[in-house]
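*Asks:* task: produce atomic coordinates for the following.
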Amino acid sequence: MVGRGVETRERLVEVALRLFREDGFQATTMRRIATQAGVSLGNAYYYFDSKDDLVHELYLNVQREHLDRVMPLLREGAPLAENLRVVLHTGLDAIAPYHGFGTSFVQIALPASSRTSPFSPESADAREMAVDLMRQVVDASHPRPSAALRERLPTLLWGAYLGITLHWVIDSSADQTRTRTLVDGIVPVISRAVSLSRVPVARGLVDDVVMLMATLGSKEAETR
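*Replies:* Just a heads-up that it's a prediction; the model follows:
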């Protein structure tokens with residue numbers, strides 16, 4: 001019985017992600033998901049309260065796909081710019097099938113109060129997976145950031161990736177080549193900034209950035 005339940009849940013997720021890719025978020029309803037998965041609408045609601053919950057499955061699915069693609073390519077001891085470039089490009093590869101409905105989806109995911117926001121409590125599992133991946137990049141690469149920056153850098157890199165993803169959503173160039181160019185241009189800048197974090201004259205600026213991140217994090221926690 002448990003096995004059948006797992007199978008039903010996985011089938012609902014598979015159908016929902018396919019409909020998201022093919023028809024977009026707005027056109028995908030729980031009724032359509034249930035019908036194409038071959039289950040009753042009530043049964044679909046037993047597993048997922050709404051299609052918002054299936055968005056979190058999308059986040060997790062994309063993050064797992066990203067990990068599968070990138071882990072064999074990360075090099076221990078490689079320059080940060082090299083490993084970060086690999087992570088960002090493979091991240092774009094993982095989300096590529098969903099470009100068609102990205103614009104309409106962003107409209108509902110951007111508000112901080114939205115359950116589908118990448119910053120929401122409901123998105124915590126996927127967010128933690130993404131930040132942990134950035135932490136592995138930082139640990140595997142050189143130059144190493146300053147001690148003050150090391151703890152916050154993975155979250156900062158994840159934030160940079162979100163910004164790149166937003167650019168990708170609105171990128172109408174063929175195969176989103178403008179976003180690929182953005183990645184190749186921004187990676188060396190980030191790497192140089194990390195190198196500067198160890199230089200005494202730049203340490204004060206780094207400390208200010210870290211303090212700002214800590215303040216923003218605490219304010220976000222207060223509003224939840």
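
*Asks:* could you measure from the residue nearest to residue 98 when sequence neighbours are not counted over to residue 58?
*Replies:* In this structure, residue 98 finds its nearest non-sequential neighbour in residue 21, 5.8 Å apart by C-beta to C-beta, 6 or more residues apart in numbering. For every residue, glycine as well, the C-beta is placed using N, CA and C. For residue 21, the distance to residue 58 (C-beta to C-beta, to the nearest Å) stands at 9 Å.

*Asks:* please identify which of the two sits among more neighbours.
*Replies:* Of the pair residue 21 and residue 58, residue 58 is the one with more neighbours under other C-beta atoms under 10 Å, namely 21 against 15.

*Asks:* now do the contacts for that one.
*Replies:* Residue 58 makes contacts with 16-17, 20, 98, as judged by C-beta atoms under 8 Å, 6 or more residues apart in numbering.

*Asks:* reformat the residues you listed as a markdown table; add secondary structure and distance to residue 181.
*Replies:* As requested, these are exported to a markdown table (DSSP: H, G, I helix; E, B strand; the rest coil; distance: C-beta to C-beta, whole Å):
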| residue | secondary structure | distance to residue 181 |
| --- | --- | --- |
| 16 | helix | 33 |
| 17 | helix | 29 |
| 20 | helix | 27 |
| 98 | helix | 21 |
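
*Asks:* now the residues you listed as JSON lines including distance to residue 49, pLDDT and neighbour count?
*Replies:* Formatted as JSON lines, the contacts of residue 58 follow (distance: C-beta to C-beta, whole Å; pLDDT from 0 to 100; neighbours: other C-beta atoms under 10 Å):
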{"residue": "16", "distance to residue 49": "13", "pLDDT": "93", "neighbour count": "27"}
{"residue": "17", "distance to residue 49": "17", "pLDDT": "91", "neighbour count": "20"}
{"residue": "20", "distance to residue 49": "17", "pLDDT": "88", "neighbour count": "23"}
{"residue": "98", "distance to residue 49": "22", "pLDDT": "87", "neighbour count": "18"}
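
*Asks:* can you count the residues close to residue 70?
*Replies:* 21.

*Asks:* so the residue nearest the centre of the chain, which state does it fall into?
*Replies:* The chain has residue 130 as the residue nearest its centroid, 5.8 Å off, counting by C-alpha atoms, centre = their mean. On the three-state scheme (DSSP: H, G, I helix; E, B strand; the rest coil), residue 130 is labelled helix.

*Asks:* how near is it to residue 194?
*Replies:* When residue 130 is compared with residue 194 (using C-beta to C-beta), they lie 19 Å apart.
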